[in-house]
Each structure stands twice: as structure tokens, then as C-alpha cells.
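Chemist: Attaching a predicted model along with its sequence, questions to come.
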Amino acid sequence: MAKILLVEDDLQLAKNLSAFLTSEGCTVVHADGQTSGLKAFEQGSFDCVLLDLSLGDGSGFTVCSAIKQISEVPVIFLTAAADEACTVAGFEVGADDYISKPFRPRELIARMKNAMRRHNNAPSVISCGDVTIDPARGIALKNGNDLFLSALEYRLLLVFFSNKGQLLTRDRLAEELWSVSGEYVSDNTINVYMKRLREKIEDDPQHPSIIVTVRGMGYKAVEK
């Protein structure tokens, strides 16, 4: 049985969603704002956090950032803000998924299960060449030195290292990283983060040897 922290200041929505999640076998703790949400998280142990972006006494971004500093528990934003800038900002502070209101309850359950499965199945350490990811600590290292990746860069690298030797198309990256449909992710967004990631992990970003381009098809992390 999953224990869910729901941080939502729309009390009617929170009531309905809590009832639905309870009917699906979840235990739900509801908090109606930033302060109460952080306090509830500090006092409990949760399998997933559902988090509204706009809160009466603060921001979901603040709550997510604070949670991710101390835990790798999956955080899913539930918000009416559907523009790409908000989506990217959410993932920059560590969000695992982003669902726009109104949403289908069954889709939410599927996304929650997917996020929790990725979290629970995360391997201890993954390496490729001189770059290593430690999912338990949420960091990536090159020759033992912290790469200080942003949340999106880290997520992108984790997808590649978890699928070494496999071709990953742009559509696959969008689905794996941000949204089941990929509707919030543009090609330009992927280009920008691929460039930033390569600048940090490659000895020669202009001639990458860790994550290579398969022309006209996508990318793949080489097996080393």
C-alpha cells in the first residue's frame, strides 16, 4: 500500500482526489500549503508526493526543492500551468513528472506507479567510462569529482546510462524524461540539454565518446 503526501490548497479537489486514491488502496496525508506540506513530509515517510504548483502560502517549486535536498522520493506536480517554462522549471528543481489539470484519475495512477517503480528499481551505481551515477545519492561523478548536474541533466544522463548500447530516439527521451505524451518537450529543449550535458561529461564535447549521436535516429550511450 503506497503512502501519498498530497499538497493541494483546493480543498474540494483534495477531498475528491484523496477519496479516489484511498479507493485505489493508498494512504493519503493531505496538506493545504507550503508550510504544512514541508512539516508533513518531515514527520512522515512517503512513497510519492503529489504537489500543486500554486499554493496559498508559497510555491510548489520551493516544496519540491526542499524535499529533493533530503530525499529521492518521487514528486509529481499537479497544476493548471501547462506552459513549457513552468514544466522545465519544475524538472529543474527535481520533479519526477508533471500533470496538467484537469487530469484523468487513471492516468495519474499510472504515472504514480511508473515514478515509484523507477525509484524502487534504481540500481546502486552505474558507470560508463570515467563517469559514474549514484542514484541513491542523486549525484553524478567524473573521475570521482561531482559534475554538479542540474535535475534535468541528471535525469537525462540516468536514462542513457540505464540503457547503455541502446538507441534512444528523441520521442523516447521525451517520454522517459518528462511526459508520457511528450507534449511539453520541444526538440530545442532536448538539443539544449544534450549540449549542456556533453559539456560536463565529455573530454571533447565536439567529438563525444560517452553519448554519441546516431545521425537521423537519436543517441546512445556507448558500452565501456
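Modeler: Received it, and whenever you're ready, just let me know what you need. Numbers count the residues shown, from 1 in each chain.

Chemist: Which of the helices or strands spans residue 69?
Modeler: Element membership of residue 69, judged by DSSP states H and E, is helix 60-70.

Chemist: Quick one: list the elements packing against the very next helix or strand once past that helix.
Modeler: Next in sequence after helix 60-70, counting helices and strands by DSSP H and E, comes strand 75-79. Counting contacts by 3 or more CB pairs under 8 Å, 6 or more residues apart in numbering; DSSP states H and E, strand 75-79 is packed against strand 48-52, helix 60-70, strand 97-100, helix 105-120. Every C-beta, even on glycine, is put in place using the N, C-alpha and C of the backbone.

Chemist: what angle separates the helix holding residue 69 from strand 48-52?
Modeler: 160 degrees (axes from the mean of the first three to the mean of the last three CA atoms, to 10 degrees).

Chemist: which ones are touching residue 216?
Modeler: By CB atoms under 8 Å, 6 or more residues apart in numbering, no residues touch residue 216.

Chemist: Give me the buried positions along the lowest-mean-pLDDT helix or strand in the chain.
Modeler: Every helix and strand in the chain was compared by mean pLDDT, DSSP states H and E; the lowest is helix 84-92, with a mean of 74. For helix 84-92, the buried set under the neighbour-count rule, 16 or more other CB atoms under 10 Å, comprises 86, 87, 88, 89, 90, 91.

Chemist: Look up how far residue 199 lies from the second one.
Modeler: The one in question is residue 87. For residue 87, the distance to residue 199 equals 23 Å [CB to CB, to the nearest Å].

Chemist: Okay, now the unreliable bits of the chain?
Modeler: Counting by pLDDT under 70, the chain contains low-confidence ranges at 81-84, 121-124, 136-137, 177-185, 224.

Chemist: Please parse it into its domains.
Modeler: Taking automatic domain parsing as the domain assignment, the record places the domains of the chain at 3-120, 126-221.

Chemist: Tell me which stretches of this structure form strands.
Modeler: With DSSP state E as the criterion, the chain has strands at 3-7, 27-31, 48-52, 54-55, 58-59, 75-79, 97-100, 126-128, 131-134, 139-142, 145-146, 211-214, 218-221.

Chemist: most packed of the ones you listed?
Modeler: Across those, averaging neighbours per residue (mean count of other CB atoms under 10 Å) puts strand 48-52 on top, at a mean of 26.

Chemist: what does that one rub up against?
Modeler: With CB under 8 Å, 6+ apart as the test, strand 48-52 has contacts from 2, 4-10, 17, 37, 41, 60, 63-64, 67, 73-79, 95, 108, 112, 115-116.

Chemist: now stretch 134-154
Modeler: So stretch 134-154 is contacted by 68, 72, 88, 91-95, 122-126, 130-133, 157-158, 177, 193, 196-197, 200-201 (CB under 8 Å, 6+ apart).

Chemist: That stretch spans what distance, first to last residue?
Modeler: Length of stretch 134-154, first residue to last, CA to CA, to the nearest Å: 10 Å.

Chemist: Relative to the whole chain's centre, how far out is that stretch?
Modeler: Distance of stretch 134-154 from the chain centroid (CA atoms, centre = their mean, to the nearest Å) equals 14 Å.

Chemist: ditto for stretch 161-176
Modeler: Per CA atoms, centre = their mean, the displacement of stretch 161-176 from the mean C-alpha position of its chain is 15 Å.

Chemist: Many thanks, we can stop here.
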